[in-house]
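predicted model, plus sequence, below.
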Amino acid sequence: MTRWPAEWEPHQAVWIGFPGDPAEWPVGREAAQREVAAFANAIADDGAGETVVLVCRDVADADVARGLVQSCVDVVVEPFGDVWLRDSAPVFIAGPNGPDGRNFRFNGWGGKYEMAGDKDVGRRLAKRFDLPVSDQDWILEGGAIDGDGAGRLITTAQCVLNANRNDGLGKEQVAERLRDALAVQDICWLGDGLVADHTDGHVDNLARFVAPNMVAIPQADTADDPNAEIFDDAATRAAASGLQVVRLPSAGRYEVDGDIAPASYMNFYIGNRVVTVPQYGAANDSKAVDQIAALFPDHKVIGLSSQALLRGGGSFHCISQQIPRID
């Protein structure tokens, strides 16, 4: 049976991008490297058979990475431009013979950040690890979609239907391509993503499946939260589509150098035994960890700093791509 496994199902490995380019990280590069290393170490230390692969753009970055991670973390060099492998690497479904990658076209989030190496890093990584992939002749980023393992997918119209991705494709055409590529049946269309999200509203900052047919969405608890209406609209749409909705804390109004930044606890990563939740030094940090822990009682749920990573635009989910284990 071909299907797209949920993230909480077993992984054989995870690829994690390692920040290194000074031009992309003019402020906080070393801090971002430490945050990524802490994330990699946490997943590698869970003892659940998930091979952690830290992907570096060059040998110098690899040397830095090896000095920060445990020896059980594999460090490899595979050139790329930007670090967010959730979007440039393939999305792996469960095929009849094991993991089967769907390698979508990538255009730098609508042409905003097109960099050398990003268009083919996914295929190179798959070849390196002897994983089959099929090229999909349309643009889609992994952070724009989330699935529950039971045929349901959630996404945002702001991103996936944006003219800067697949101009000329209508909603039904995109929906059909999603069904064909990812073996899903039901698609929940949300509206906009977070304010100031340069991805044009990736769903992994807004809404995440936490169980079959159950989706988590933040809820604002302060008057100045710039995403309050977006959160409520997403929850209304999700419920109307038949999904069970659980509300989690919002990181609130969060600024970097005076500008609103898309800080979100929804960018957690679900490993085989560990769930890592971004922490921003915000009022709801510990509350978010506690409430996400209640949703994953069989996992160890920990909070890890993501303040430096956010300067680059994302967090733990954005920087990683898992390969499911198919028994």
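Sure thing, it's come through.

from now on I want contacts and neighbour counts done on CA atoms only, so please keep to that.
OK.

what sits against residue 226?
195, 252-253 (C-alpha atoms under 8 Å, 6 or more residues apart in numbering).

of the residues you listed, buried ones?
252-253 (16 or more other C-alpha atoms under 10 Å).

of the contacts of residue 226, which is the nearest to residue 98?
residue 195 (38.1 Å; C-alpha to C-alpha).

ok so, going back, nearest to residue 56, of the contacts of residue 226?
residue 195 (29.8 Å).

give the contact list for that closest one.
Contact analysis of residue 195 by C-alpha under 8 Å, 6+ apart lists 201, 226-227, 260-262.

list the buried residues in stretch 189-203.
Per 16+ other C-alpha under 10 Å, stretch 189-203 contains these buried residues: 189-194, 196-203.

rebuild the residues you listed as a markdown table, extending it with pLDDT, secondary structure and distance to residue 273.
A markdown table is the format used below for the buried residues of stretch 189-203 (pLDDT from 0 to 100; DSSP: H, G, I helix; E, B strand; the rest coil; distance: C-alpha to C-alpha, whole Å):
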| residue | pLDDT | secondary structure | distance to residue 273 |
| --- | --- | --- | --- |
| 189 | 98 | strand | 30 |
| 190 | 99 | strand | 29 |
| 191 | 98 | coil | 32 |
| 192 | 98 | coil | 32 |
| 193 | 98 | coil | 29 |
| 194 | 98 | coil | 29 |
| 196 | 98 | coil | 32 |
| 197 | 98 | coil | 29 |
| 198 | 96 | coil | 31 |
| 199 | 98 | coil | 29 |
| 200 | 98 | coil | 31 |
| 201 | 98 | coil | 28 |
| 202 | 98 | coil | 25 |
| 203 | 99 | helix | 23 |
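
save the contacts of residue 226 as CSV, and put in pLDDT, distance to residue 141 and secondary structure too.
Listed next are these as CSV, based on pLDDT from 0 to 100; distance: C-alpha to C-alpha, whole Å; DSSP: H, G, I helix; E, B strand; the rest coil:
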residue, pLDDT, distance to residue 141, secondary structure
195, 98, 18, coil
252, 98, 26, coil
253, 98, 26, coil
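
now the contacts of residue 226 in TSV, with distance to residue 131?
Shown next, in TSV, are those (distance: C-alpha to C-alpha, whole Å):
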residue	distance to residue 131
195	36
252	40
253	41
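
can you show me the strands along the stretch 1-150 of the chain?
Taking DSSP state E, counting those that start in this stretch as the test, the strands found in the stretch 1-150 of the chain are 11-17, 51-56, 74-77, 91-95, 98-105, 133-139, 145-147.

out of these, which gets nearest to residue 232?
Closest to residue 232 of those, according to C-alpha to C-alpha: strand 145-147, at 18.7 Å.

gap between the closest one and the chain center?
Averaging C-alpha positions (C-alpha atoms, centre = their mean, to the nearest Å) puts strand 145-147 9 Å from its chain's average.

show me what it is packed up against.
Packing contacts for strand 145-147, counted by 3 or more C-alpha pairs under 8 Å, 6 or more residues apart in numbering; DSSP states H and E, involve strand 152-156, strand 208-211.

give me the mean pLDDT for it.
Averaged over strand 145-147, pLDDT sits at 99.

that one pairs with which strands, and in what direction?
Strand pairing for strand 145-147, determined by DSSP bridges: strand 152-156 (antiparallel).

who touches the partner strand?
144-147, 184-193, 201-203, 207, 213.

please repeat the previous calculation with a cut-off of 7 Å.
Residues from elsewhere that reach strand 152-156 (C-alpha atoms under 7 Å, 6 or more residues apart in numbering): 144-147, 184-193, 201-203.

confidence score at residue 46?
64.

tell me where the chain is predicted with low confidence.
The chain contains residues with pLDDT under 70 at 46-47.

and the helices in it?
In the chain, the helices defined using DSSP state H lie at 29-44, 59-66, 85-88, 108-111, 121-128, 157-160, 163-166, 171-182, 228-240, 285-295, 307-311.

with that, I have no additional questions.
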